[in-house]
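# would you be able to build a 3D model of this:
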Amino acid sequence: MNDMKRLLLLNLALILFLGASSQDFFDTDFNKKKKYIVLTNPTVRNLKTVQFLVNSELLDVKTKKTNFVGVYFKGQNYDFNQTKEFIESNKLENFKLHAITGELNEENLFQENECSAELRKVFDNSVGVFFFGGPDIPPGVYGEENTLSVVTDPERHYFETTFLFHLLGGYWNENYKPFLEERPKYFVTGFCLGMQTMNVATGGTLIQDIPAEVYRASTPRETLNLGRTNLHRNYWQEIVDDSLLMGINLHTIQFTNHPFFGKGVDVNKRFTPRIYSSHHQAAEKLGKGLEVTCLSPDGKVIEGLAHNKYPNVFAVQFHPEVPGLYDDFYVRKFNPDDMPMSYNDIIGKKSVRFHEDYWYYISQILRKAKKPEK
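Numbers count the residues shown, from 1 in each chain. A predicted model of the protein is given here:
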């Protein structure tokens, strides 16, 4: 084989390799006639969840005209090649990936940084974004020492915090003009960590551990003595070895006078739906523009936030995206003495309907969302 043929084959191999491994969707010649919804932290698990929501028509968007783009930071503690392989092996034509690189640290999140241009590109070509659940945010991000947080993936938090700051702005840098000033109806929502990150990004802080800081409970047993309605995850699993114990709690919430629930999501304000809760931290000082939409049964933990300027920006501390709420996927128990039941049966039909109405509200926003102007 002569040198010219070797060079051609080498170039062909390089092109094929880069094409196979490329995760830069918004840098490609993509179809600008479609609408794109961003999914942060697009792990295989999160993509399966979105698949379920779409296939069940809970998240009812026109999939032929709408694609999902998983956007992540290359420094995150997850191998997104797994996601790429999942998309390819399942021929998921409506799921794409876009990786972002740059130097992020606790000092440059609330200003222009090396990710700003890429974040702008993502915003300019999408109609909305979902932020999913996950581990604790480094307290240094919101100006506190780490006393009770367990931080396992700081790079993810740096990225999602700066992304939300670029979108919404906040108290950390009030001279910064957020992206949504240009498109105030852009959709932004989050679940659990997603709500906490929204609060931190806009200038708020977190309770680092609810049992310790709110109830002065220092052990699992003391925490369980608070009563199930005051627990935001299950502490029985730290005392008893039982494979059927759920790691979460299914407790009720109460609505505030804020119109998000009632006029937005169609629900009777006196209703106290049961929800899926899995966290030990909570919003404390509120970020700029955020207002409380719902609370825990005793009113001590914030369960929902909505923005007072941008109508399609809201988040909840609970998990309405979990498939087991809508079908008998999981059979578990909270207390070792309980009879095993599905999440769906535990929360009941009225609470299932509440979750369906929540997704209906989101679906309506996304179906009406206009593609960015060229």
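# show me the helices in the stretch 201-350 of the chain, by range?
Applying DSSP state H, counting those that start in this stretch to the stretch 201-350 of the chain gives helices spanning 210-214, 220-224, 343-347, 349-368.
# for Phe80, which of the ones you listed is the nearest?
Phe80 sits nearest to helix 349-368 of all those, at 23.9 Å, using Cβ to Cβ. C-beta here means a position set from N, CA and C on the backbone, and glycine is covered the same way.
# so how far is the closest one off the chain centroid?
Chain-centre distance of helix 349-368: 16 Å, with Cα atoms, centre = their mean, to the nearest Å.
# try stretch 217-237
From the chain centre to the centre of stretch 217-237 is a distance of 25 Å (Cα atoms, centre = their mean).
# now do it: everything it contacts.
For stretch 217-237, the external contacting residues (Cβ atoms under 8 Å, 6 or more residues apart in numbering) are 210-212, 215, 238-239, 242, 245-249, 251-252, 277-280, 282, 296-298, 300-301, 334-336.
# inside strands: which ones of those residues?
Asn249, His251, Thr252, Ser277, Ala282 (DSSP state E).
# which residues does the first one bridge with?
Meaning Asn249. When assigned by DSSP bridges, Asn249 has beta-bridge partners Ser277.
# and what of the last one?
With beta bridges defined as DSSP bridges, Ala282 has these partners: Ile207.
# sorry, back to before: which of the ones in strands among the contacts of stretch 217-237 sit farthest apart?
Thr252 and Ala282 (16.1 Å).
# can you tell me how far Lys64 sits from Asn31?
Using Cβ to Cβ, to the nearest Å, Lys64 is found at 11 Å from Asn31.
# ok, and the closest non-adjacent residue to Lys371?
In space, and not counting its chain neighbours, Lys371 is closest to Lys35: 5.4 Å by Cβ to Cβ, 6 or more residues apart in numbering.
# quick one: contacts for the one you found?
Counting by Cβ under 8 Å, 6+ apart, Lys35 touches Val61, Lys65, Thr66, Asn67, Ser126, Val127, Leu366, Ala369, Lys371.
# how many other residues sit next to the nearest residue to the second one once chain neighbours are set aside?
Spelled out, it's Lys65. What sits nearest to Lys65 in space, not counting adjacent residues and going by Cβ to Cβ, 6+ apart, is Lys34, at 5.7 Å. The local packing of Lys34 (other Cβ atoms under 10 Å) involves 14 other residues.
# Thr63 is in contact with Lys34, correct?
No - using Cβ atoms under 8 Å, Lys34 makes no contact with Thr63, being 10.1 Å away.
# now the nearest residue to Trp172 once chain neighbours are set aside: which helix or strand?
Excluding its sequence neighbours, the residue lying closest to Trp172 (Cβ to Cβ, 6+ apart) is Phe110, at 3.7 Å. According to DSSP states H and E, Phe110 maps onto no helix or strand at all.
# ok, Ile239 - how many residues close by?
14.
# which residues touch it?
Residues in contact with Ile239, defined by Cβ under 8 Å, 6+ apart, are Pro220, Arg221, Leu224.
# repeat that for 10 Å
Shown in contact with Ile239 (Cβ atoms under 10 Å, 6 or more residues apart in numbering): Thr219, Pro220, Arg221, Thr223, Leu224, Leu245, Pro336.
# and the fourth one, how far from Cys115?
Distance check for Thr223 against Cys115: by Cβ to Cβ, it reads 38 Å.
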